[in-house]
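# my questions concern the predicted model and sequence given below.
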Amino acid sequence: MVEGSSGGTGPPVIPPRDAAGSRLILVTGGSGYVGGRLIPALEARGYRVRCLARRPEYLAGRFRADTEVVRGDVLNPESLAAALRGVHAAYYLVHSMGASGDFEEQDRTGARNFARAARERGVRRVIYLGGLGERELSPHLASRQEVGDILAAEGPPAVEFRASIVIGSGSLSFELIRALVNKLPVMVTPQWVRTPTQPIAVEDVIAYLVHGLEFEGPGNAVFEIGGPDQVSYGELMHEYARQIGVRRVMVPVPFLTTRLSSLWLGLVTPLYARIGKKLIDSLRNETVVRSTAALARFPVRPLSVRQAIARALQAEDREMAATRWSDAVSSGGETSGWGGRRFGSRLVDRQQIEVPAPPERAFAPIQRIGGRRGWYFATWLWVVRGFLDLLVGGVGMRRGRRHPVELRAGDPLDFWRVEAWEANRLLRLSAEMKVPGRAWLQFEVEPVGGGSRITQTAVFDPLGLSGLAYWYGLYPIHWLIFRRMLRGVAARTGGM
C-alpha cells in the first residue's frame, strides 16, 4: 500500500472561530456516527447549534449546555417547522440503513419532508453527506444519491459531499475490518473484498462538512471526497494487520452470496445480518473519486489510509470511540411500536436481593453488565439468543457496549439500548432483539439500613397470542436466568 504524498500529517483544516458569528446551525442525525462528531466541531468553532432528534433524552449531556436538542422526526413533517425556525444552514445526516422495512421509501419521504420544510422556513443552505458510486448502484447507494437529488430539487441550495468508506474509531467499516482481522487467521474472501474503494478518515469528513458552511457558490454543488489511496477492503485488512503486527491469509472464492456473506459477518463481526446485507450490496460498486473539485475548492488535505488506520487504532486503544456506528437509534431498526397495533397488558417479573454494600458499590456491577463482561449467568445462552436474533434479521449481540464502565442514555448494549440511566440508582434497558412485543430490563438500587436493595424487573408488553405464547413458553428459562443473574450481580458487590 502506498502512502499518498498529499495526505496530511496534522489535524484537518477547518474554518476559524470568527467565521461562525451568531448563525444558528441545525444538525439532524446527532445520535449517529458522523453527527455525534460534527456537533462538537461546530461548537468548537463558535456556531450556535440545534440538534433534531427523535429521542432527545438519548442525547442528554453529550453536547455543550447551550446546544439545543429538540424533538422531531423527518418522517413527521409537522415536527420540523419549529426545529427549523431561525436556522441559517442545516445538515441532513439521516438515512435508514438500519430500517427493517422499505428503507428507500423512508429515505425518500424523509428527504422530501425536510427539503420542503427547510425551504419554507428560509434556510439558506442544506449540507448532506451521501455516497460515492456510479453505474448500476446497489439499493443503498442509489437511495443515498436519490436523497441528495431530492434535497437539491425541492429545498434550499444544497452542498452534497459523497464519500466512500469512512475510517475512524467506531466506524462501521473500521469495526468490520478489525473484527475480521483479529478473529480470522485465514479468511475465505468473496468478490466484494476486491472491489476498489477510496477511503477517507472521519476527521477529514468532519472538516469538509464544516467547510460546507462557508461555500459561497451559486445553486447546488456535489463534491466527491476521499483520501489519496484507492484500495480494496482486502488491502485495508492487510494494512490493519500490518499495523497490529499480525499476518493474515486470504483465500478468494467466487460463490459466497450476499445473504451468506451477511450471516457470516454476523458471526464474527459487530454487524448483524440486516446491516451486513445492505453493506455488502454496496461493496460490489466501485466507490472512487472521479473529480478533484473538492481538493481545489476546500483547504482539506485528507490523510492516507495508513495514517487514518493509525489514528483509529490510537483511539481504539483508549477503549472508547467518540462515537460508534451503532450509537444511532436507527441502527436497531424501528422502535416506535409495531405500526400502532394495540398491545396487551404488560407482564412483569420482579426480583429483589439485599446486599451489605453501599449503593455505589451495589450499582458497580450493574453499570458494567454486558459486552465483554457478560451477563453474570449463562452468558453462553445470551450468545445463542443473539445468534438466533441474527438469523431473523435482528441486531444480535455483536454491538457490545461503547465503554467497559461508562453508560449513558441512548447507548447500545448488546441487543438492548440504554433507555434511562441514573448513576448509582437506575439502569433501564429496552430490547432491540426480535420479539413478538416490547421488552425492558430494569435495575434499581436503593439504600436499606447499612446496605442496599437491588430490584431487577423484566417487563414484557406482548403482541397478541404470539406474544403471550413467547412469554409463557420461555418463562421458566427466563425466571432461572434472571434469578441467577441477580445473584451474580449481588456476588460482585462484595457483599455475599
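Cool, got the structure.

# which helices and strands sit right next to the lengthiest helix in the chain?
Secondary structure of the chain per DSSP state H: the longest helix is helix 464-491. If contacts are counted by 3 or more Cβ pairs under 8 Å, 6 or more residues apart in numbering; DSSP states H and E, helix 464-491 sits against strand 347-355, helix 359-367, strand 437-448, strand 451-462. Any C-beta I mention is one placed from the backbone N, CA and C, and that applies to glycine too.

# could I get the ones you listed as a markdown table with mean neighbour count?
Output for the helices and strands packed on helix 464-491, formatted as a markdown table (neighbours: other Cβ atoms under 10 Å):
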| stretch | mean neighbour count |
| --- | --- |
| strand 347-355 | 15 |
| helix 359-367 | 20 |
| strand 437-448 | 19 |
| strand 451-462 | 20 |
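
# so which of those is nearest Gln314?
helix 359-367 (26.0 Å; Cβ to Cβ).

# hmm, who's touching that closest one?
Contact partners of helix 359-367, identified using Cβ atoms under 8 Å, 6 or more residues apart in numbering, comprise 355, 376, 405-407, 423-425, 427, 443, 445-447, 451-452, 454, 488-490, 492-495.

# which parts of the very next helix or strand once past that helix are buried?
Going down the chain from helix 359-367, the next helix or strand is helix 379-391, by DSSP states H and E. Residues of helix 379-391 classed as buried by neighbour count (16 or more other Cβ atoms under 10 Å): Trp382, Val383, Arg385, Gly386, Phe387, Asp389, Leu390.

# tell me what helix 379-391 is packed against?
Against helix 379-391 (3+ Cβ pairs under 8 Å, 6+ apart) you get helix 258-268.

# which of the helices and strands packed on helix 464-491 sits closest to Ala221?
Using Cβ to Cβ, the nearest of those to Ala221 is strand 437-448, at 43.8 Å.

# didn't Trp421 look like it was pressed against Leu413?
No: judged on Cβ atoms under 8 Å, Trp421 makes no contact with Leu413 at a distance of 10.4 Å.

# which neighbours do the two have in common?
Joint contacts of Trp421 and Leu413 (Cβ under 8 Å, 6+ apart) are Leu407.

# show me where this protein has helices.
So, for the chain - with DSSP H - the helices run 35-44, 80-84, 103-120, 139-154, 172-183, 202-211, 233-244, 258-268, 273-283, 293-297, 305-317, 359-367, 379-391, 464-491.

# ok, which of those comes nearest Ala60?
Across those, Ala60 has its closest neighbour in helix 35-44 (13.4 Å, Cβ to Cβ).

# quick check: angle from that closest one to helix 202-211?
Interaxial angle, helix 35-44 versus helix 202-211 (axes from the mean of the first three to the mean of the last three Cα atoms, to 10 degrees): 50 degrees.

# return the list of helices and strands in contact with helix 35-44.
So helix 35-44, by 3+ Cβ pairs under 8 Å, 6+ apart, packs with strand 24-28, strand 48-53, helix 202-211.

# tell me the mean pLDDT over that helix?
Mean per-residue pLDDT for helix 35-44: 92.

# for stretch 183-197, same thing?
According to the model, stretch 183-197 has a mean pLDDT of 81.

# do stretch 384-404 as well
Computed over stretch 384-404, the average pLDDT equals 81.

# check contacts around Val348.
Val348 neighbours (Cβ under 8 Å, 6+ apart): Thr457, Ala458, Val459, Phe460.

# give me every residue that touches the last one.
Contact analysis of Phe460 by Cβ under 8 Å, 6+ apart lists Arg346, Leu347, Val348, Val435, Gly437, Arg438, Ala439, Gly467, Tyr470, Trp471.

# at 7 Å instead, please
Arg346, Leu347, Gly437, Ala439, Trp471 (Cβ atoms under 7 Å, 6 or more residues apart in numbering).

# ok, the second one next?
Counting by Cβ under 7 Å, 6+ apart, Ala458 touches Asp349, Leu441, His478, Phe482.

# likewise the first one?
Each residue near Thr457 by Cβ under 7 Å, 6+ apart is listed here: Val348, Arg350, Gln442.

# and which of these is nearest to Pro228?
Gln442 (49.8 Å).

# in the sheet, who's paired with the closest one?
Gln442 has these beta-bridge partners by DSSP bridges: Arg428, Thr457.

# could you do the one 5 residues further on as well?
With DSSP bridges as the criterion, the beta-bridge partners of Pro447 are Ser452.

# what distance do you get for it to Ala423?
14 Å (Cβ to Cβ, to the nearest Å).

# now swap in Ile244 and tell me
Distance from Ile244 to Ala423, by Cβ to Cβ: 35 Å.

# and what of Pro436?
34 Å.

# more neighbours: those two, which one.
Counted by other Cβ atoms under 10 Å, Pro436 and Ala423 do not tie: Pro436 has more neighbours, with 17 against 11.

# verify the contact between the more buried one and Trp471 for me.
No: Pro436 lies out of contact with Trp471 (Cβ atoms under 7 Å); the separation is 8.8 Å.

# so what's in contact with these two at the same time?
With Cβ under 7 Å, 6+ apart, Pro436 and Trp471 have common neighbours Pro462.

# buried sites along stretch 188-195?
So, applying 16+ other Cβ under 10 Å, buried residues of stretch 188-195: Thr189, Pro190, Trp192, Val193, Thr195.

# take the helices and strands packed on helix 35-44 and write them to a markdown table, including distance to Gly155 and mean pLDDT.
As requested, the helices and strands packed on helix 35-44 are exported to a markdown table (distance: least, Cβ to Cβ, whole Å; pLDDT from 0 to 100):
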| stretch | distance to Gly155 | mean pLDDT |
| --- | --- | --- |
| strand 24-28 | 12 | 95 |
| strand 48-53 | 15 | 93 |
| helix 202-211 | 17 | 95 |
